[in-house]
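Show me the folded form of this:
(one chain, ligands or ions: 2)
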Amino acid sequence: MGLVYPLPSLKPSAGAKEIKLENCLGKTVLVVGGGGREHAIVDALSRSPQVGKIYCAPGNAGIGGQAFNVPLKDTDVEGLKAFALENDVDLTVVGPEAALAAGIVDAFREAGLKIFGHTRAAAAIESSKEFAKELMESAGIPTAAYRSFSDFDQALSYVLSRPFPAVLKYDGLAAGKGVVIAQDGAEARSALADMLLDHSFGEGRVVVEDYLTGPEFSFLCFVDGERVYPMPLSQDHKRAFDGDKGPNTGGMGAYTGLPFITDRECEFACREIMCKAASAMCARGLPLSGVLYGGLMKTPQGIKVIEFNARFGDPETEVVLPLLQSDIYTLFEGIATGTPVDAPVWSDGVTLGVVLASKGYPGHYEKGYDIGGLDRVDAKVYHMGTAARDGKVFTNGGRVLMVVSGGSSLEDARRKVYEEIGKIECENLFYRNDIAHIALEEYGKNH
Ligand code: AMP
Ligand code: GLY
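Ligands and ions are numbered 1, 2, ... in the order given. Here you go, the predicted structure:
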């Protein structure tokens, strides 16, 4: 059965780990970013026998227990390049889309540095909704019908000619705030005015698309040009509170082992969506070289794309990468250099992770609260927004920690995660109690 669970616990310490002499002989890797996704990447790299030294910029308190944190921002391309050159970094792995959009891959490649991630131009599959929609339409990839506009009146009259709800998407990176589901004409008018008359997010166009229904899920694939290496499917929970209520967040929890997607549907999504997107990007002279993340929906008419991202998802990465049995350095390096690699091998267990966020998130929240009990947790604890001071760990972001456990079933993994969360002491954290509810309660009821 190849199960690797229960997972060993990470015992994050406040400072950088001591590097053993024999480790210095291995490869040196720089991970760019400082959230839970990057912690999971660092954790996976630290399992590679080829990797000696890991730097992470900027990292966080938990990452500092497994790598050397480097105080550079993820978008400081020149600073990161100078660091990689000075420190003989063999390979750089990029987490956040902001770094890709800042052109980190282009700059590193020009300097002859090996880097895992897409060029700025290829990252348009995420950064421009219009580019992505047009790509899907021309490649015959299933997605919601759409039109795009720069003119307010034309946009409004199109919206009013279609059924409600209407989906309005600002065409650019808008920190997750650029999508409005308008229930009626008044809401649509106000959102369009915000985007096209007041330019609240910038000068971009607006994509108007049909409203789709069905459960959403994430399909992450490693992509190297035409080569697509799928990862296990996962599902994020975007709303802040139980029952998918409350404001949208970066993601409050995730799990793998989705019972509502059949093998056939997964195979369809791989062939008709992910592979077609990879080919279409090659045909445009923009080959992908990193992670392609399909934000997909199982609609009554079949699997369709809601959006593409050009990076690992967060919190999906934290539940997907613990299942990887292959050496992630080999994969990253193969993709960074355009060299075919063996298909990655994945454990057939499932994983589930719950995010602990600062009270008030995604709105206003306070930082700097003491976090205790971490050394007693018998599960993976990925740090999303923490800082270390005087040997103690403090909250330092909206999403703070993610506790991840595996199991032979989702029930098992869920029970374990919530038990372990109970050991964490912090007065300013909250979390959802129903991660995987679609799989366990809703789907479970009907099957
Ligand atoms: P996006 O940034 O494109 O992923 O959109 C954010 C969220 O809006 C998605 O995760 C969906 O929940 C919702 N959404 C986006 N597009 C649609 C659509 N065409 N139909 C229904 N919901 C949508
Ligand atoms: N899990 C949502 C994202 O990474 O965009």
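
any idea how far the residue positioned nearest the centre of the chain lies from ligand 1?
A centroid search over the chain (C-alpha atoms, centre = their mean) returns G313, at 1.0 Å, as the residue closest to the centre. Between G313 and ligand 1 the computed distance is 11 Å (C-beta to the nearest ligand atom, to the nearest Å). C-beta coordinates here come from the backbone N, C-alpha and C atoms, glycine included.

next one: F394
In terms of C-beta to the nearest ligand atom, F394 sits 31 Å off from ligand 1.

Helix, strand or coil: sort out that residue for me.
strand (DSSP: H, G, I helix; E, B strand; the rest coil).

bridging residues for it?
Assessed by DSSP bridges, F394 has beta-bridge partners D370, A387.

Quick one: neighbours of it, just the number.
19 (other C-beta atoms under 10 Å).

and this structure, which of its residues are near ligand 2?
236, 251, 309, 313-314, 316 (C-beta under 6 Å from any ligand atom).

So which of those wins on neighbours?
E316 (29 neighbours).

for that one, phi and psi?
phi -60, psi -40 (degrees, to the nearest 10).

ok, it touching A254?
Yes: under the criterion of C-beta atoms under 8 Å, E316 makes contact with A254 at 5.1 Å.

Give me the common contacts of these two.
Common neighbours of E316 and A254, counting by C-beta atoms under 8 Å, 6 or more residues apart in numbering, are 218, 234, 236.

In strands only, show me these.
218, 234, 236 (DSSP state E).

closest to ligand 1 among the residues you listed?
D236 (8.3 Å; C-beta to the nearest ligand atom).

show me the contacts for that closest one.
Here D236 is in contact with 216, 218, 251, 253-254, 313, 315-316 (C-beta under 8 Å, 6+ apart).

out of the residues you listed, which are inside helices?
If you go by DSSP state H, the contacts of D236 have E316 in helices.

what about stretch 53-64, distance to the chain center?
Relative to its parent chain, stretch 53-64 has a centroid offset of 18 Å by C-alpha atoms, centre = their mean, to the nearest Å.

can you pull the buried residues of it?
Going by neighbour count (16 or more other C-beta atoms under 10 Å), the buried part of stretch 53-64 is 53-64.

List the pairing partners of the longest strand belonging to the chain within its sheet, with orientation.
Longest among the strand segments of the chain by residue count, using DSSP E, is strand 289-299. Sheet partners assigned to strand 289-299 using DSSP bridges are listed as strand 216-224 (antiparallel), strand 302-309 (antiparallel).

Can you give the contact residues for stretch 41-50?
Residues contacting stretch 41-50 (C-beta under 8 Å, 6+ apart): 10, 26-27, 29, 31, 33, 51, 54, 56, 59, 63, 66-67, 93, 95, 312, 317, 321-322, 324, 327-330, 332, 380, 382.

filter those to the buried ones?
10, 26-27, 29, 31, 33, 51, 54, 56, 59, 63, 66-67, 93, 95, 312, 317, 321-322, 324, 327-329, 332, 380, 382.
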